[in-house]
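Chemist: sequence isn't available, so here's the structure alone:
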């Protein structure tokens, strides 16, 4: 432990010299060559560049040159551009509160000049001279030189003035990779701008500007930068919502692409989030996107996505971090909900969805779904439930195929039986919701068989070892894990029935109290309305104690203290909580798992086809409740390769 210095030995308070101030600022702004690249590319984009070229030597340590074809800098303003806190992008506090540009702090160039040798070569379009101007950042000398319109900033010998910082840099290959990543992040958000990266005189990466008349510029740029596999294994996201009316008339919009669960990775290195075109690392967006994948990701896999959030600049503060990579939202709950719903909605549409035109499955009340029938009260596997008043069940083959069959069997259109798909273990409850309709055998076969291409998952042809369903479609062979598929179908039906009912709150007979931290007490007081929406009532019992008075009805058998602590922790970190929904879904997932059709049960072709049709109209049916895939497509090309056909 350091001893406190006596008053006689304490250093006096002095103003720091300007050079040291700039070097301190450089320590905050410039971490490595990639930091310089990011700042200079920001300036090039703000100048309206349509082509940006980056040239590097030794991974950016010896040379960083950023060349653009933007508007350039006027000669009279050129010396000022390298001074501390000099910028053309803000002039007042109102400008700072509604930043529209990538750069605005006015300290990057000055900070870089304090730790490296900087020169600026620029020319404006309508300059009276027929040449550009070259400014030496060290001496301030200004001299004429040849150049087209635009600006080139050269940074040589990075950290030459602070050699201790240079020792912390990695190898040239590592620093080059960080520089490429910095440009790649810019390229994803600006498909209208071309980027080229040269290292040691060799072209290492290039992304051409996407034509303005392209049908989907963002998709094309994502394919160019991240690869075609990214967009083929991703779904488009587009979710505009109205923000609370404050006179601005602005809307919040979430666009981009979210990778399907099968494309998840072990690392989170393919997660790109942007706010008004600026790449950010924001915990609100990250948490919202990750929570949207909770129901479909297996294990600890990390989703891949490129999401672009657009909102009124006055609703986001981009001036909370020197590198501008972190932001703060005025209404983070709205942003969290928008991102989560946008990704959830995109992922909900099953990839097996096709042109199936049918009414959604009729649902009964939550009370009926949650009613368990003991085995002693079951008279048999078959029973007749009440008929739905309107609509068809997606498991009813005749309802699905009736308009495609020229010859309709005589008798009732809903003739058949309802059967439990599987028997639960002895003593285990059996939910009413897990009914599968087994249509009666038709009096005669259809006059014209159903075309294979009409159903994305095709027509069932066999069952393998009582576990997998084999189906034939236009692409080839479809293999379906029948238990995983039916588990998802039952699970989504239970969730829909729960959502149709209002989230009820059940008061506790004896409130559960627990010792709370000051942060938990403050969160409970500030988020009382949100807690009530979640079915929770958490109130202060004493300055250091909270009491849980009510919990959601569906979670009344759980531990109220653990539930309250989890919700408060999430609210304090993300200003939004999914704990209640997650706990409810875990309960429903357990019910669905017990109620789904078990392996080693023999199904008829009608039952297998009914399951396939349900999958095509059920949300998130591509994964089971545990994130495992429910089906796989084996194309004819892959089958031909197995048997060496055509070789």
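Modeler: Nice, I can see it. All values reported here derive from a predicted model rather than from experimental measurement.

Chemist: give me the neighbour count for residue 19.
Modeler: If you count neighbours by other CB atoms under 10 Å, residue 19 ends up with 11. Where you see a C-beta, it was placed from the backbone N, CA and C, and this is true even at glycine.

Chemist: try residue 322
Modeler: Other residues within reach of residue 322 by the criterion other CB under 10 Å amount to 18.

Chemist: quick one, phi psi at it?
Modeler: The phi/psi pair for residue 322 (degrees, to the nearest 10) reads phi -60, psi -30.

Chemist: before we move on, what about residue 310?
Modeler: Per degrees, to the nearest 10, the backbone of residue 310 is at phi -120, psi 130.

Chemist: count of residues packed around the closest residue to it other than its chain neighbours?
Modeler: Distances taken as CB to CB, 6 or more residues apart in numbering place residue 253 nearest to residue 310, at 4.6 Å, with adjacent residues excluded. Around residue 253 there are 15 other residues, counting by other CB under 10 Å.

Chemist: again, but for residue 277
Modeler: Neighbour tally, residue 277, other CB under 10 Å: 15.

Chemist: low pLDDT regions in the stretch 451-600 of the chain?
Modeler: Scanning the stretch 451-600 of the chain for pLDDT under 70 picks out 451-454, 497-503, 554, 574-575, 577, 584, 587, 591, 594-595, 599.

Chemist: ok, which stretches of it are strands?
Modeler: For the stretch 451-600 of the chain, the strands defined by DSSP state E, counting those that start in this stretch cover 459-464, 468-473, 476-481, 505-515, 537-542, 545-552.

Chemist: next one: the stretch 101-250 of the chain
Modeler: For the stretch 101-250 of the chain, the strands defined by DSSP E, counting those that start in this stretch occupy 117-123, 132-136, 142-145, 150-156, 194-199, 202-207, 234-242.

Chemist: may I have the strands that pair with the fifth one, each with its orientation?
Modeler: Strand 194-199 has the following strand partners under DSSP bridges: strand 51-57 (parallel), strand 202-207 (antiparallel).

Chemist: kindly report the same for the second one.
Modeler: Next to strand 132-136 in the sheet, as set by DSSP bridges, lie strand 117-123 (antiparallel), strand 142-145 (antiparallel).

Chemist: circling back: including distance to residue 635, could the strands of the stretch 451-600 of the chain go into TSV?
Modeler: As requested, the strands of the stretch 451-600 of the chain are exported to TSV (distance: least, CB to CB, whole Å):
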stretch	distance to residue 635
strand 459-464	16
strand 468-473	10
strand 476-481	5
strand 505-515	51
strand 537-542	54
strand 545-552	46
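
Chemist: turn those strands into TSV, including mean neighbour count and distance to residue 607.
Modeler: Formatted as TSV, the strands of the stretch 451-600 of the chain follow (neighbours: other CB atoms under 10 Å; distance: least, CB to CB, whole Å):
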stretch	mean neighbour count	distance to residue 607
strand 459-464	16	9
strand 468-473	19	9
strand 476-481	20	12
strand 505-515	13	39
strand 537-542	18	46
strand 545-552	21	36
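
Chemist: just say helix, strand or coil for the residue nearest the centre of the chain.
Modeler: Among the residues of the chain, the one closest to the centroid is residue 289, at 3.7 Å (CA atoms, centre = their mean). The three-state label given to residue 289 by DSSP: H, G, I helix; E, B strand; the rest coil is helix.

Chemist: tell me how far it lies from residue 268.
Modeler: Residue 289 is 10 Å from residue 268, where distance means CB to CB, to the nearest Å.

Chemist: now do the contacts for the residue nearest to the centre of the chain.
Modeler: Counting by CB atoms under 8 Å, 6 or more residues apart in numbering, residue 289 makes contact with 258, 271, 273, 303, 305, 307, 339-340, 343.

Chemist: could you report the pLDDT at it?
Modeler: Looking at residue 289, its pLDDT is 92.

Chemist: and what of the one 10 residues further on?
Modeler: At residue 299, the pLDDT value in this model is 73.

Chemist: hang on, isn't it packed against residue 293?
Modeler: No - at 11.7 Å, residue 299 does not count as touching residue 293 under the criterion of CB atoms under 8 Å.

Chemist: quick one: the one helix or strand residue 342 maps to to chain centroid distance?
Modeler: Using DSSP states H and E, residue 342 sits within helix 332-348. Relative to the centre of its chain, helix 332-348 is centred 8 Å away, using CA atoms, centre = their mean, to the nearest Å.

Chemist: swap in stretch 616-625?
Modeler: 19 Å.

Chemist: what does stretch 209-216 give?
Modeler: With CA atoms, centre = their mean, you get 24 Å for stretch 209-216.

Chemist: going forward can the numbers begin at 850, since that is how I track them
Modeler: New numbering, starting at 850: the last item is stretch 1058-1065.

Chemist: what's the span of it, first residue to last?
Modeler: End-to-end span of stretch 1058-1065 (CA to CA, to the nearest Å): 13 Å.

Chemist: rounded mean pLDDT for it, please.
Modeler: 91.

Chemist: of all the strands paired with strand 981-985, which one is nearest residue 1468?
Modeler: Closest of those to residue 1468 is strand 966-972, at 54.6 Å (criterion: CB to CB).
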